[in-house]
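A.B. asks: Structure of the sequence below:
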Amino acid sequence: MRVTFWGVRGTFPATGAKFVRYGGDTMCIEVKCGRERLILDAGSGLRGLGESLMQNDAPTHAHVLLSHAHIDHLIGFVQFAPLWRKDTRISVWSMANGDDPNAAARALLKPPFTPEAAAAFPARLEWKTIEPELSFEPVAGARVTPFKVNHPGGACGYR
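C.D. replies: Model (predicted):
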């Protein structure tokens, strides 16, 4: 297993010299399990992960586990380069806990938030709802258990 932190800031991305060492992107963590990939949240750090994936010409299959529906955890979808490849498949998992992260992400990828032409990206997205404390296995050998956490609007964590 290999973990890469593509974004760890909260609420707003930050730029400038004082953010060079730790970065300024919002929440996005990649967990590689062999050849499979889990992505924890789709903050602005997802853009950098997408650029990295595009350097490899192989098809992308990723599992995005969303914690909640706030914009700082979803904004990376609009600039995730693999969405423009027809050989990309993305499974988006979320727990309907208060606000619905999947519904919020789908809305963000449509007009008026995304231009009409851009909303017709060729990647295949699968939207999956998970239940608190009910384990699932998005990739072979990676058992994940979502649980409710105290956060405005509702949120979940993953074990």
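
A.B. asks: For the helix or strand of the chain with the lowest mean pLDDT, what is the distance to the chain centroid?
C.D. replies: Across the helices and strands of the chain, mean pLDDT, DSSP states H and E gives its lowest value to helix 101-108, namely a mean of 86. For helix 101-108, the distance from its own C-alpha centre to the chain's C-alpha centre is 11 Å (C-alpha atoms, centre = their mean, to the nearest Å).

A.B. asks: swap in stretch 52-67?
C.D. replies: Taking C-alpha atoms, centre = their mean, one finds stretch 52-67 lying 10 Å from the centre of the chain it belongs to.

A.B. asks: same thing with stretch 109-126?
C.D. replies: The chain centroid and the centroid of stretch 109-126 are separated by 16 Å under C-alpha atoms, centre = their mean.

A.B. asks: Extract the CA atoms of the least confident helix or strand of the chain and return them as CSV.
C.D. replies: Included here for helix 101-108 are C-alpha records, laid out as CSV according to Å, rounded to 0.1, in the frame of the first residue of the first chain:
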residue,chain,number,x,y,z
PRO,A,101,-22.1,14.1,-1.6
ASN,A,102,-22.9,12.2,-4.8
ALA,A,103,-25.8,14.5,-5.7
ALA,A,104,-23.6,17.6,-5.0
ALA,A,105,-20.8,16.2,-7.2
ARG,A,106,-23.2,15.4,-10.0
ALA,A,107,-24.6,18.9,-9.8
LEU,A,108,-21.1,20.4,-9.9
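
A.B. asks: and it, what does it pack onto?
C.D. replies: Judged by 3 or more C-beta pairs under 8 Å, 6 or more residues apart in numbering; DSSP states H and E, helix 101-108 is in contact with strand 89-95, strand 124-130. Where C-beta positions appear, they are placed from N, C-alpha and C, glycine not excepted.

A.B. asks: what's the following helix or strand after the last one?
C.D. replies: Right, strand 124-130. Next in sequence after strand 124-130, counting helices and strands by DSSP states H and E, comes strand 136-139.

A.B. asks: Could I get the contacting residues of the most centrally placed residue in the chain?
C.D. replies: Centroid check for the chain by C-alpha atoms, centre = their mean gives Ala42 as the closest residue, at 2.9 Å. Counting by C-beta atoms under 8 Å, 6 or more residues apart in numbering, Ala42 makes contact with 28, 64, 66, 73-77, 80, 105.
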